[in-house]
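Engineer: How does the following fold in three dimensions:
(one chain, ligands or ions: 1)
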Amino acid sequence: MTPRKIKENLYWVGAIDWDRRIFDSLIPLPDGTSYNAYLIKGSEKTALLDSVDPNMTHILMENLIDVENIDYIISHHAEQDHSGAIPAVMEKYKNATVFTSPKGKDMLINLLSLPEEKIKTVQEGENLSLGDKTLKFIHIPWVHWPETMATYLEEDKILFTCDFLGSHLASSELYAGKDPKVFEAAKRYFAEIMMPFRTVIRKNLEKLEQYEINMIAPSHGLIYDEPHYIIESHREWLFGEPKNLVVLPYISMHGSTKKMVEYFVDALIARGVNVMQFNLVDTDIGKLAMALVDAATIVVGTPTVIALPHPATVYAAHLASILKPDLKFASVIGSYSWGGKTVETIAELISNLKVELLTPVLAKGVPRKEDFASLDRLAEEIAEKHRKNNYK
Ligand code: FEO
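Structural biologist: Numbering: from 1, shown residues only. The predicted structure follows:
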């Protein structure tokens, strides 16, 4: 790659990872990702903002081939997809000093064995002058690790937010504009990575909104040249009311649970409730996570395997529990053969979500007339709860 000019003396020097398909051995990356690093040349000093994933160190170093000197390396976040190439950069630029948050310092030492004497910590609001350009550091913890920070380039009014406000998207484009594809990728990214920290992230968004921002340059995905769109999107995801939506992850073994799910989905639609149904045999968990950003209710459709829920639904319930969406109601439907603790197990798995548990519907074997009547009752109860709360 070659460096890409954003402004005079400001360049994108990152790497595009077109082929990566999974992150943390958990998060699907259907459209790849990028690791954005930025080079800022001031009249007196030069700074590199973040690096790239260790696997792409060679690309970063190619991008820096004509850069004679780097004085400062700004590490917003110690996770290796941004910090992993810092040792190689320090090897080439022996006088470079790393600037990071106090928590970031410990992490960089622990994760990368960086020499302590080469790391300086920065406080909230602290400035670092590059001569004619000034970097202001803003601590924004828990997006999505505790040490995370952002940098505001004062003269150009550009905010570098690292993971925050980013998207996993490989693209030859540099700028997002209003491209809906970027905003869908950003929502997926928010759902999978940021949603568990919703409460603290609200404060961070409000903190960043106080700055006059011409551009937001995250460390994954495209640069937001019209930044109010991504800020508004995050406002909606962080502060918006749940929607009139039921998310229904399910699996069926012999078809009974599937029959119940199909009937139940029709019953909800007939009552004006929107539904997103996910067959866990083959579900993109990123899409399930995105649906959870909006949903007011989750209903898990599961057969009972021996005495417990099907493992696929245990996984889905656990995923919902760790993503911490703003769900208000939950229930379980499905078929069993001779007994078990299916409902109790699902309820326990999502006990941290503070949802109201609605009466479950479990059919013994093949669902019968009375089971379908119970599904109608549950659909009516959900529709009524959504209406009362004015979920749109
Ligand atoms: Fe993109 Fe938390 O690393």
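Engineer: Minimum distance to the ligand, which residue of the stretch 51-200 of the chain gives it?
Structural biologist: Closest to the ligand within the stretch 51-200 of the chain is Glu79: 3.6 Å, counting by CB to the nearest ligand atom. C-betas here are computed from N, CA, C, even on glycine.
Engineer: Which stretches in the stretch 151-300 of the chain count as strands?
Structural biologist: Taking DSSP state E, counting those that start in this stretch to define them, one finds strands in the stretch 151-300 of the chain at 158-162, 215-218, 243-250, 274-279, 295-301.
Engineer: which stretches of the stretch 51-200 of the chain have low pLDDT?
Structural biologist: Scanning the stretch 51-200 of the chain with the threshold set as pLDDT under 70 gives no residue ranges.
Engineer: Show me what from it comes close to the ligand.
Structural biologist: By the rule CB under 6 Å from any ligand atom, the part of the stretch 51-200 of the chain lying against the ligand is 77, 79, 81-82, 144, 163.
Engineer: Serialize these to CSV and add fields for neighbour count.
Structural biologist: Below are those laid out as CSV (neighbours: other CB atoms under 10 Å):
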residue, neighbour count
His77, 26
Glu79, 19
Asp81, 23
His82, 25
His144, 19
Asp163, 23
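Engineer: Those residues in helices, which ones?
Structural biologist: With DSSP state H as the criterion, helices contain 81-82 from among those.
Engineer: so which of the residues of the stretch 51-200 of the chain next to the ligand comes closest to Asn274?
Structural biologist: Nearest to Asn274 among these is His144, at 28.6 Å by CB to CB.
Engineer: what's the burial count for the residue nearest to Met107 when sequence neighbours are not counted?
Structural biologist: Using CB to CB, 6 or more residues apart in numbering and skipping residues adjacent in sequence, the residue nearest Met107 is Ala78, 3.5 Å away. For Ala78, the neighbour count with other CB atoms under 10 Å is 26.
Engineer: can you tell me how far Asp19 sits from Asp50?
Structural biologist: Separation of Asp19 from Asp50 (CB to CB, to the nearest Å): 21 Å.
Engineer: Give me the neighbour count for the closest residue to Thr121 other than its chain neighbours.
Structural biologist: Of all residues beyond its chain neighbours, the one nearest Thr121 is Pro102 (4.5 Å), with distances taken as CB to CB, 6+ apart. Neighbour count of Pro102, defined by other CB under 10 Å: 11.
Engineer: Give me the phi and psi angles of Pro102.
Structural biologist: phi -60, psi -40 (degrees, to the nearest 10).
Engineer: tell me the contacts of Asn389?
Structural biologist: Asn389 makes contact with 241-242, 296, 328 under the criterion CB atoms under 8 Å, 6 or more residues apart in numbering.
Engineer: which of the residues you listed tops the neighbour count?
Structural biologist: Comparing those by number of neighbours (other CB under 10 Å), Ala296 comes first, having 24 neighbours.
Engineer: Enumerate every residue touching the residue of the stretch 51-200 of the chain closest to the ligand.
Structural biologist: Contacts of Glu79 by CB under 8 Å, 6+ apart are 145, 163.
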